[in-house]
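Trainee: Sequence and predicted structure below; questions after.
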Amino acid sequence: AKKDGKDDTATTSKSDATYVILEEALAEEEYSVGFRKDDVALCQAFEKTLAEMKDDGKFAKIDKKWFGEEVNILDKTKIKADATDGSLEKVKTAGKFVLGLDASFPPMGFTDNDDTIVGYDIDLAREVCKRLGVELVLQAIDWTANDQELKSGNIDCIWNGFTTNPKRQAALCMSTPYLENSQVVVTLAGSNIKTLADLAGKTLTIQGASTAGDALDSKPDVKSGLKGGAAIEVDDNVLAMFDLKAGGSDAVLMDKVVAEYYVTNPNAGK
Amino acid sequence: MENNHEKLLVMQDIYKAFDGTAVLKGISLEVNCGEVVAIIGPSGSGKSTLLRCATMLETVDAGTIRYLDKTMVTIGADGKAKYSDKKQLKEIRLCFGLVFQNFNLFPHFSVMQNITEAPIRVLGQSKQDAEANARNLLAKMGLSEKEDAYPCQLSGGQQQRISIARALALNPKILFFDEPTSALDPELIGEILKVIRDLAAEKMTMVVVTHEMTFARDVADRVIFMDEGVIVEQGVAADIIKNPQSERTRAFLRRVE
Amino acid sequence: MENNHEKLLVMQDIYKAFDGTAVLKGISLEVNCGEVVAIIGPSGSGKSTLLRCATMLETVDAGTIRYLDKTMVTIGADGKAKYSDKKQLKEIRLCFGLVFQNFNLFPHFSVMQNITEAPIRVLGQSKQDAEANARNLLAKMGLSEKEDAYPCQLSGGQQQRISIARALALNPKILFFDEPTSALDPELIGEILKVIRDLAAEKMTMVVVTHEMTFARDVADRVIFMDEGVIVEQGVAADIIKNPQSERTRAFLRRVE
Amino acid sequence: MSLETIYKLVTNMLSASAVTLEVFFLTLLFSLPLGLLVASLRMSKYKIIQLPIRFYLLIMRGTPLILQLIFIYFLPSQLGDKLSVTIPMLPRFGAAILAFTLNYAAYFAEIYRGGIQAVPTGQHEAAAVLGLSKVQTFFRVVLPQVIKNILPAMGNEFMTLVKDTALAQTIGVMEIFRLAKSSTSTNSSILPMFVAGLFYLIMNSVVSKGFSSLGKRLDYYK
Amino acid sequence: MSLETIYKLVTNMLSASAVTLEVFFLTLLFSLPLGLLVASLRMSKYKIIQLPIRFYLLIMRGTPLILQLIFIYFLPSQLGDKLSVTIPMLPRFGAAILAFTLNYAAYFAEIYRGGIQAVPTGQHEAAAVLGLSKVQTFFRVVLPQVIKNILPAMGNEFMTLVKDTALAQTIGVMEIFRLAKSSTSTNSSILPMFVAGLFYLIMNSVVSKGFSSLGKRLDYYK
Ligand SMILES: Nc1ncnc2c1ncn2[C@@H]1O[C@H](COP(=O)(O)OP(=O)(O)OP(=O)(O)O)[C@@H](O)[C@H]1O
Ligand SMILES: Nc1ncnc2c1ncn2[C@@H]1O[C@H](COP(=O)(O)OP(=O)(O)OP(=O)(O)O)[C@@H](O)[C@H]1O
Ligand SMILES: [Mg+2]
Ligand SMILES: [Mg+2]
């Protein structure tokens, strides 16, 4: 994880802070955009445009809007432009590009109180599409079916704080990572869990069907130490945090970007 | 009373079995125009089945049924019953009416609708005509003030009279009754028997399955005694009831009396 | 036949209204031990209500009811009906039995269970005793072979005989019948009337609401004619039926005949 | 959540209700008649017709609706994959309506069947003797009585449907429940869920009132 | 998905079935008698008893079960917050059972009520004249007939319950559906969902068979 001290300021500067993010992350991850396996040209065009945005400062601007500083990790050297499939042309002919997202994953992509889908990923996608001359269409999907949505051609990509991993790389065309994330442990202020080791014998909650589960699987020692030898899976992160606050569990494991959003959100948990 | 010998209904050698059990075993029955026939006999002897075959609620296995000059069913080349075509059957259906033991009025229709439904939908009468006719019938049944009532608001006897009116509204040539009084309280039986008597006086052709011996004796031109799917004995009502020839008839009459 | 003048049931000045409509308007009735009383009267005259009050299915508004020396209800200080305590009522309940018009057998119990349920649960009889007694009663009813049958497998007449056996199984001192034959086919009526005749011969005290004039004439010691909630006329059966004193009785008898 | 946010949420939900109601009414529009057809096939005396219908009923009533939604929505593309052809997908909303229709038709069919079988044969016979055609008998004599009989069971199903519309979000249809979930994430509060609950409760109160007043109107006969 | 993954999935689901079945049977164990109590209170002649029960029935039948689950699970802590005391939370599983019980008791109550009201008064009267007590009458005479009457409606509810157990995952109870969802996400395949569907179908076939054989056994009387 990036240790830039932002976590601490974020959590302690609020007098009514309820939640604390553990400094020691459970696992490091990176976010990518997921395209259909065959849509390599499309993926590369997006990567190229993102690289341009990095060069002309637009990327940094969006970073600052959502995170207060430049956070992207796009590595231009990894970007290739060798694909020749017709996927880019197809999108260009159609004139629109459909982005699939869960729309409840702040701050990456979520529905604001005016019922509009906004977020960091959304701003990036909007800029890319502008530059490619296609219309951006946002399609809310159920996360459970994201793979089907993509395969069936309903959506052109999954762009929603989408963690890259070998399985997904095998099944999809995953773009070069653009943002770093980690799986962090959130506890209540005043909790005696200070390190990952403190999780032994404690109850840990995660959002079911999320990469938090994969991350936990990659740390068998932590997982086996948990009460019950596994995490509790609830329907979504908000319920997990509610559960934490209510005393149903001792800690929540979730994406750092999301955790920070909630921890700094003055309304969190109300 | 048998002043008109035109044969309105001719049933010949009717056979009918349910699941292999023979219920009608070669019944032949002729009904003349204007005649009133009472059918009596023990429970299970096939009286209802006979009426149901005559009114096409059941199909016969073998035999011939004819209304006036219209053949309903006859014996086909294979020896089995062969029904006429749909059009002919539809015409025949207009010849008869059936009054059920338990009335079978349409509960969701008012008395008026119960009576006018078929004339409007089947005969294509106008609503006005059908209703005018219905009012006449209701007056005849002494139920003029009930035209807007629903069946559930009527006594059993009133319901039965409505169901007779419903059958009469189609101007049938012959009216079948299946124990029209047996679901009624003894006091209400009189009402219905009076209606049937009045119809008889108007020379309506009727076949009545009944347990009411007094009625059979007083009104019927002919009494038919059925048992176990055959007609055991028939003749002038008073004779049969006073002097039954067969032992079976005698035993039955003893029990009913 | 009135050889035993001990008063088994005394009802005095019974009043009963439903929703403000008076149904029983001061009825007084005494039944002696061994007596058979027939109650006749037009529909709605309150016959069923009278039986239901006597059997505690309805509460009276005013009046006195006494079985032998046990008071069921009397007039309280406020002039209204005052029922005895639960224990007393429970004892009184054992004095009488009621046979319903539509039998009300328990459909999920076999014939044997229908008869033995109450003796076992209410009288605390052993299963053996109750069944032995039930077999006697079934034999008397001519239904010995039906003990394992279920009510739905029986004819109406058989069901009614079972329901009589069920009532008798508790050894009641008096048996009420509410039109025991009116839900039956005419042929089956005889079966029930015979059973009641047999019981009468054994000096069973009975009160029978009935439309069967022949039965009233032949079996009842006394006939009571009710109309509009009052007893219009009563006396020896044959007299009332042959020579009704009141015009109302006469009109009624004409209609039923 | 601030009052303003709640106000906004309620406003959004009011517009999302339109979709919920659309799902509700369209499902009824199609499944009520389809159920009748299914019921009549289910009562067919031919095994060859009866058996597939029974299988359909088993699947529809035996598996969760959410799976049926996913299945129907993705079936064309899965099938296309297998057969290496492109089968156009149904639009989300259309797929949702189709899935709901197929599912509810199964439930309605069973209710109709019970109701139809409860109409005494005497009614059919009386109509037949009066010369009414099969069609006339069904629509004029039988159906009105069926409707009265099945009213309570139908009321239950209608209320369940109101709640089940929430499942349409599974395939991306934006209705009340999806909105509630999004708002829950955005504001990190479970209040929106309960606001949604209130919406369902209100709709169901209307449904329930509607059925009880319909029931009273049909009480004129027994 | 590889065959091996599928095999593992099925094995996992078999053990998760234990939880599903536990939810199923515990819910029935509590809600069947509770429903009877609710039904009898609902039929009370006192408005003061009837009204709260009707309100309870409206809420339980008018709002989605998933919200009821969340509500019941979080109620103690929310209440504790408001009252500034610490109220211990229910364990997840306990909360799930409680929510299911309260919900299904409402449905069962309405079914019982219909069934009890369908028993002719003549049965009560016959029992009364024979001297059977109220309790004896209810348990020996009325209830057996109610059971026969309500069997089809109960069958439907039981089948719905099998499917509804899936909702227990909302508050973290690990049952078949949760497993399917996780597996779907991990393997990026929808297949696990359909395996879960098959599990529900099998359980429901058993339920349905059970009910139809029970129905046949009770067919000895009418
Ligand atoms: N649909 C049917 N299926 C099988 N058997 C039947 C059917 N209808 C009638 N039966 C049998 O046919 C026989 C004659 O019945 P039917 O109803 O014609 O007698 P019934 O003379 O009218 O008797 P009741 O006086 O009791 O009305 C009976 O044994 C009856 O069980
Ligand atoms: N539970 C009740 N509520 C209101 N009215 C009732 C009730 N029971 C009976 N009645 C009314 O009381 C009157 C007498 O009824 P009851 O049943 O005693 O007459 P009945 O002489 O037995 O008639 P039937 O010969 O038709 O059986 C009728 O007008 C009836 O409508
Ligand atoms: Mg008959
Ligand atoms: Mg009476």
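Mentor: Noted; the coordinates are in hand. For clarity, every value in this text was computed on a predicted model and none was experimentally measured. Ligands and ions are numbered 1, 2, ... in the order given.

Trainee: quick one: pLDDT of A:Asn265?
Mentor: On the pLDDT scale, A:Asn265 is placed at 66.

Trainee: B:Ile231 is in contact with B:Leu29, isn't it?
Mentor: Yes. If you go by CB atoms under 8 Å, B:Ile231 and B:Leu29 touch, sitting 7.2 Å apart. Bear in mind the C-beta positions are built from the backbone N, C-alpha and C, glycine included.

Trainee: Overlap in contacts, those two.
Mentor: Residues touching both B:Ile231 and B:Leu29 by CB atoms under 8 Å, 6 or more residues apart in numbering or on different chains: B:Ile224.

Trainee: what is the rounded mean pLDDT of the lengthiest helix in chain B?
Mentor: For chain B, the helix with the greatest residue count under DSSP state H is helix B:186-201. In this model, helix B:186-201 has a mean pLDDT of 86.

Trainee: Which of the residues in that helix are classified as buried?
Mentor: Counting neighbours by 16 or more other CB atoms under 10 Å in any protein chain shown, one finds that the buried residues in helix B:186-201 are B:Pro186, B:Glu187, B:Leu188, B:Ile189, B:Gly190, B:Glu191, B:Ile192, B:Leu193, B:Val195, B:Ile196, B:Leu199, B:Ala200.

Trainee: Of these, just say which sits nearest to B:Gly124.
Mentor: Taking CB to CB as the measure, B:Gly124 lies nearest B:Leu199 of the buried residues of helix B:186-201, at 25.4 Å.

Trainee: how close does the closest one get to B:Arg161?
Mentor: Using CB to CB, to the nearest Å, B:Leu199 is found at 11 Å from B:Arg161.

Trainee: okay, which residue is most central for chain B?
Mentor: For chain B, the residue nearest the mean C-alpha position is B:Phe176 (0.9 Å; CA atoms, centre = their mean).

Trainee: which SS state does that one fall under?
Mentor: B:Phe176 carries the three-state label strand when classified by DSSP: H, G, I helix; E, B strand; the rest coil.

Trainee: Contact partners for the closest residue to chain B within the stretch 151-270 of chain A?
Mentor: Proximity of the stretch 151-270 of chain A to chain B (CB to the nearest CB) peaks at A:Asp235, 48.2 Å away. By CB under 8 Å, 6+ apart, A:Asp235 lies in contact with A:Gln207, A:Gly208, E:Gln169, E:Thr170, E:Ile171.

Trainee: Narrow the residues you listed to those in strands?
Mentor: In this view, the contacts of A:Asp235 that belong to strands under DSSP state E are A:Gln207.

Trainee: Flag the least confident of the contacts of A:Asp235.
Mentor: Per-residue pLDDT puts A:Gly208 lowest of these, at 82.

Trainee: Tell me how many other residues surround that one.
Mentor: 27 (other CB atoms under 10 Å in any protein chain shown).

Trainee: Quick one, grab the pLDDT at the residue of the stretch 151-270 of chain A closest to chain B.
Mentor: The predicted structure lists A:Asp235 with a pLDDT of 83.

Trainee: Roughly how far does it sit from E:Val162?
Mentor: 20 Å.

Trainee: Turn the buried residues of helix B:186-201 into JSON lines, columns for distance to ligand 1.
Mentor: Shown next, in JSON lines, are the buried residues of helix B:186-201 (distance: CB to the nearest ligand atom, whole Å):
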{"residue": "B:Pro186", "distance to ligand 1": "18"}
{"residue": "B:Glu187", "distance to ligand 1": "22"}
{"residue": "B:Leu188", "distance to ligand 1": "19"}
{"residue": "B:Ile189", "distance to ligand 1": "16"}
{"residue": "B:Gly190", "distance to ligand 1": "21"}
{"residue": "B:Glu191", "distance to ligand 1": "21"}
{"residue": "B:Ile192", "distance to ligand 1": "17"}
{"residue": "B:Leu193", "distance to ligand 1": "18"}
{"residue": "B:Val195", "distance to ligand 1": "21"}
{"residue": "B:Ile196", "distance to ligand 1": "18"}
{"residue": "B:Leu199", "distance to ligand 1": "22"}
{"residue": "B:Ala200", "distance to ligand 1": "22"}
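
Trainee: need these in CSV with distance to chain D, can you?
Mentor: Shown next, in CSV, are the buried residues of helix B:186-201 (distance: CB to the nearest CB, whole Å):
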residue, distance to chain D
B:Pro186, 23
B:Glu187, 23
B:Leu188, 19
B:Ile189, 20
B:Gly190, 24
B:Glu191, 20
B:Ile192, 17
B:Leu193, 22
B:Val195, 18
B:Ile196, 18
B:Leu199, 17
B:Ala200, 21
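
Trainee: Of these, which is the nearest to ligand 2?
Mentor: Using CB to the nearest ligand atom, B:Glu187 is the member of the buried residues of helix B:186-201 that lies nearest ligand 2, at 7.8 Å.

Trainee: near chain D, which residues of the stretch 51-200 of chain A show up?
Mentor: A:103-106, A:110-115, A:139-142, A:144-145, A:148-149, A:151-154 (CB under 8 Å from any CB of the partner chain).

Trainee: So which residues on chain D come close to ligand 1?
Mentor: Contact residues of chain D with respect to ligand 1, defined by CB under 6 Å from any ligand atom, are absent.

Trainee: Helices along chain D, start to end?
Mentor: So, for chain D - with DSSP H - the helices run D:3-42, D:47-62, D:65-83, D:92-118, D:121-129, D:134-136, D:143-164, D:176-187, D:191-217.

Trainee: and these, which is most packed in?
Mentor: helix D:176-187 (a mean of 26; mean count of other CB atoms under 10 Å in any protein chain shown).

Trainee: Tell me what angle that one forms with helix D:3-42.
Mentor: Angle of helix D:176-187 versus helix D:3-42, following axes from the mean of the first three to the mean of the last three CA atoms, to 10 degrees, is 150 degrees.

Trainee: Report the inter-axis angle for helix D:176-187 versus helix D:143-164.
Mentor: Going by the same axes, to 10 degrees, helix D:176-187 makes 10 degrees with helix D:143-164.

Trainee: Give the other helices and strands that helix D:176-187 contacts.
Mentor: The helices and strands touching helix D:176-187, judged by 3 or more CB pairs under 8 Å, 6 or more residues apart in numbering or on different chains; DSSP states H and E, are strand A:104-105, strand A:109-111, helix A:237-246, helix D:3-42, helix D:191-217.

Trainee: can you rerun that using 10 Å?
Mentor: With contacts defined as 3 or more CB pairs under 10 Å, 6 or more residues apart in numbering or on different chains; DSSP states H and E, the packing partners of helix D:176-187 are strand A:104-105, strand A:109-111, helix A:237-246, helix A:256-264, helix D:3-42, helix D:191-217, helix E:65-83.

Trainee: Is the longest helix of chain B positioned near ligand 2?
Mentor: No. Using CB under 6 Å from any ligand atom, we find that helix B:186-201 stays clear of ligand 2, coming within 7.8 Å at best.

Trainee: quick one: is that helix near chain C?
Mentor: Yes. Legend: contact between helix B:186-201 and chain C by CB under 10 Å from any CB of the partner chain is shown at B:Pro186, B:Glu187, B:Leu188, B:Ile189, B:Gly190, B:Glu191.

Trainee: from chain D, which residue is nearest to ligand 2?
Mentor: Using CB to the nearest ligand atom, the single residue of chain D nearest to ligand 2 is D:Lys222, 15.9 Å away.

Trainee: And the closest residue in space to that residue that isn't next to it in sequence, how far from ligand 2?
Mentor: Of all residues beyond its chain neighbours, the one nearest D:Lys222 is B:Cys152 (4.1 Å), with distances taken as CB to CB, 6 or more residues apart in numbering or on different chains. Distance, B:Cys152 to ligand 2, by CB to the nearest ligand atom, to the nearest Å: 14 Å.
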